[in-house]
Each structure stands twice: as structure tokens, then as C-alpha cells.
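In: fold the following.
(chains A and B)
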Number of protein chains: 2
Amino acid sequence: MPKQVDHQERRETIARALWRVVEQRGVGHLTMREVAQEAGISLGQLQHYFTSRQAMIAFAMDHATEQTARRVGLGLERLGEQPHPRDVLRLMLTETLPFHADARATSRMSAAYVLEALHDPEVHAKARADLRQGRDLVEQLVRRAIADGFVAADRDPVVETDLLLALTGFTTLMELDVLGPDQVRAAVDQYLDRLFA
Amino acid sequence: MPKQVDHQERRETIARALWRVVEQRGVGHLTMREVAQEAGISLGQLQHYFTSRQAMIAFAMDHATEQTARRVGLGLERLGEQPHPRDVLRLMLTETLPFHADARATSRMSAAYVLEALHDPEVHAKARADLRQGRDLVEQLVRRAIADGFVAADRDPVVETDLLLALTGFTTLMELDVLGPDQVRAAVDQYLDRLFA
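Out: Sure thing, here's the model as predicted:
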């Protein structure tokens, strides 16, 4: 199905153009006109793929989430058959934080998406569902780590999950060069060491 | 000096109008034209106070920081003469997170500001300096808490400070209704209990 492949490729090209607009010019420039220009297509062609700005942003966000999941998947392969839950959580955290260009692109996209969500109920509902899904995944990991004796039995899985998710707050500190990548890695490692003590 | 008071009042009115634009319409609408309209003044009048969009945003951000500092100051008064460092850190965290309308307004303003910083070196430099100053304040508190025996002597003050700052990551989880305020309070309390164990 070569036509469908082209279609998907074109959508990915658009998603990447959208990220570049956010990254280089800021979310204030996130209009269909500027994204079309950045992607090197006409506004009409862009509207063929996305009927609204919201739909375009939702796709770009999904694409970013998929890219992160793909990177985590590749990392998991490197961890082998039965990875330690500490390594799995560390991988998920470090692929979510802006430690490298791809992760930075997706994390900036996320930040723009959250700001959109604050004044757009449709984007809010989708962002919330996505984040809840991510949270559920982490909670499953934490519960299994407790059940398997990797984490102390008196730890509350809900609280531990919420605290792990809150550590994505390092994103802003890294983006503004308040903390360097090594300092953040040290803090994340220290945190996980204590959780798995 | 009645004239100077008016001047300051007008600037605060503009800052509040700017926050409303960010809150209700999104950062994509953060132009001098839209802020002037929201503040009920002409674009020319706005330009009398701020020569550029950046200068206007920087002032609004400073105003937000001052408002947060003021709320923390009021909370400190309620804590009495020699507050426990745990209570001071809890106060700083809970006044930074969007637990109530004022804190939500300042935290949204911050999020918009960080996104601006990503593609504007001037805003980046200022946001970085502001956040570093906030970080230094927290590190002083943590160091004193260790020196005074409230926190175990083997805790690394730099790592502990960084982890406390990372907990501002709860902002996104609260804004997207992934976590309710009570759940976040429980996680913050649990975290501080462990730090001051």
C-alpha cells in the first residue's frame, strides 16, 4: 500500500515541522499557516491532512508519545530478558526528560500541549487521558516491584507513582540550564536508590 | 508621589490582564495588542509602559514571583517565630503548586514564560537567573536543616534541593486533573516526612 505509507510519511513530516515551529519560534507561532510553510506544503495540502489546528497538535503530540515509547522500547531491549524494575523506571524517566535532542523535542512539544490544554477542553481531555495512561503504566511497575520485594512493602504504590511522575519537573530546570544533565542524573539515581533500598 | 503609585497600579493592571490572556486564550494570544485590549487601554498606552512584548512578559513574571513571595511571607507569619524547616519547605511548595486560584495564575504564567524562554535568549537568561535564585534559597534552607539536625547528616544538600525543586512537576499533573489536590498534598507530605525522618 504505497499510497498509505506516503500518507503516514507526510503526516510525520508535518509533525516534525510543527515541533520545529514550537522549538524555534515558540508556541505563539503554532498556526496552520506557519506549520504548512515550515513543512514546505500549501495551507490547502495541510488542511487535507488536518481539518483543525487542534487535530494537527493532537497528532503531533501522539507522534511525540510514540517516539518516546519507541526509545523506551529500544532501551528495554538493551536491558535484556528480565530487567530490574529500577532500571526500567530509570529508563522511562531519562527518556522523558530532555537529556538528548529527540527527548527535548518531545518534551517541548508536551509543554506546548499542556499550555494549549489549559484553555481548550478538547485538548485537556486528550492530554489528561494520555497522562493517566502513562501514570497507570508506572503504577503497575511500582506495584509489581513491591510485590516482588524490590521495594519495601510499607511503601504506598499510589504515592510512589505520583512522586515518580512529579520528577518530570526536572524538565524545566534542565531547559533553563538551572541544572546540568549530570546533576539531574545524580538526583534521579539517588531517588531511585532510596526507593529500591 | 501619587503619580508614581498610579504608574505602579497601571503596570499591575497590565500584568493581571496579561495573565488573563494566558489563562483564558492561551499563550498564542500573548501579543501587546491583545493585552492592551484585555487591560482596557490603547496599544499606545501599553507601549508607554512596555517598549516590547518581552519587557511586558518579564514584568508580568516578576509580578507573579512577587505575589508568590508575598503569599509565602504571609504563611511564614502564621508559622510563628521559629518555624520548623519542614513547614517552611511545605509552605514554599504548596504556594508554588496550583492549589488555589492565585497560585494557579502564577504557575500558568511561569509555564508560558518557560516556553518563551526556549526560543528567546533574553527571556532565557532572566528565567534562569530567577529560578537559580529560588533554588539557592531552598538550598540554604536544606543546609540549615541538616546543620540543625532536622535532616540526616548523610543527605546531600545539593541532591535534596534539586529533588525538592523537581516536585514542581506536580503542577502539570494537577492542571490536567491527573491528580487531585488531596493526592498531591499526601505525596508532598510523605516526601517531606521522609526527608525529615
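In: C-alpha only now, for contacts and for neighbours.
Out: Will do.
In: stretch A:162-175 and chain B in contact?
Out: Yes - using Cα under 8 Å from any Cα of the partner chain, stretch A:162-175 comes into contact with chain B via A:Asp162, A:Leu163, A:Leu165, A:Ala166, A:Leu167, A:Thr168, A:Gly169, A:Phe170, A:Thr172, A:Leu173, A:Glu175.
In: secondary structure element for the third one?
Out: When you say that, I think you mean A:Leu165. Mapping A:Leu165 onto the secondary structure by DSSP states H and E places it in helix A:157-166.
In: what does the next helix or strand after that helix rub up against?
Out: As assigned by DSSP H and E, the chain's next helix or strand after helix A:157-166 is helix A:170-175. Taking contacts as Cα atoms under 8 Å, 6 or more residues apart in numbering or on different chains, the residues outside helix A:170-175 that touch it are A:Leu97, A:Pro98, A:Ser107, A:Leu179, A:Gly180, A:Pro181, A:Val184, B:Val114, B:Leu118, B:Leu165, B:Ala166, B:Gly169.
In: list the buried residues in stretch A:149-160.
Out: Using 16 or more other Cα atoms under 10 Å in any protein chain shown as the test for burial, stretch A:149-160 gives A:Phe150, A:Val151, A:Pro157, A:Val158, A:Val159, A:Glu160.
In: if I look at the closest residue to A:Gly169 other than its chain neighbours, how far off is B:Gln37?
Out: In this structure, A:Gly169 finds its nearest non-sequential neighbour in B:Gly169, 3.5 Å apart by Cα to Cα, 6 or more residues apart in numbering or on different chains. Remark: distance between B:Gly169 and B:Gln37 (Cα to Cα, to the nearest Å) = 33 Å.
In: check A:Val158 too.
Out: Separation of A:Val158 from B:Gln37 (Cα to Cα): 45 Å.
In: can you name the element that comes right after the helix or strand of chain A with the lowest mean pLDDT?
Out: Comparing helices and strands within chain A by mean pLDDT, DSSP states H and E singles out helix A:2-20 as the least confident, with a mean of 79. Toward the C-terminus, helix A:2-20 is succeeded by helix A:32-39 as the next helix or strand (DSSP H and E).
In: buried sites along that following helix?
Out: Neighbour counts using 16+ other Cα under 10 Å place A:Met32, A:Arg33, A:Glu34, A:Val35, A:Ala36, A:Glu38, A:Ala39 of helix A:32-39 among the buried residues.
In: now stretch A:72-80
Out: By neighbour count with 16+ other Cα under 10 Å, stretch A:72-80 contains the buried residues A:Val72, A:Gly75, A:Leu76.
In: pLDDT and secondary structure added to the residues you listed, as CSV?
Out: Shown next, in CSV, are the buried residues of stretch A:72-80 (pLDDT from 0 to 100; DSSP: H, G, I helix; E, B strand; the rest coil):
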residue, pLDDT, secondary structure
A:Val72, 94, helix
A:Gly75, 95, helix
A:Leu76, 94, helix
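In: just the element for A:Ala186, please.
Out: Under the assignment here (DSSP H and E), A:Ala186 is part of helix A:181-195.
In: contacts for that helix, please.
Out: With contact meaning Cα under 8 Å, 6+ apart, helix A:181-195 is reached by A:Arg86, A:Arg90, A:Thr94, A:Phe99, A:Val151, A:Ala152, A:Phe170, A:Met174, B:Val159, B:Glu160, B:Asp162, B:Leu163.
In: where does pLDDT dip in chain A?
Out: For chain A, the stretches with pLDDT under 70 are A:1-5.
In: show me how it divides into domains.
Out: A:1-51, A:58-195 (automatic domain parsing).
In: the first one and chain B, are they touching?
Out: Right, domain A:1-51. Yes - residues of domain A:1-51 contacting chain B under Cα under 8 Å from any Cα: A:Glu23, A:Gln24, A:Arg25, A:Gly26, A:Val27, A:Gly28, A:His29, A:Leu30.
In: tabulate the residues you listed (JSON lines), appending neighbour count.
Out: Written out in JSON lines, the entries for those read as follows (neighbours: other Cα atoms under 10 Å in any protein chain shown):
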{"residue": "A:Glu23", "neighbour count": "20"}
{"residue": "A:Gln24", "neighbour count": "12"}
{"residue": "A:Arg25", "neighbour count": "16"}
{"residue": "A:Gly26", "neighbour count": "21"}
{"residue": "A:Val27", "neighbour count": "28"}
{"residue": "A:Gly28", "neighbour count": "18"}
{"residue": "A:His29", "neighbour count": "17"}
{"residue": "A:Leu30", "neighbour count": "19"}
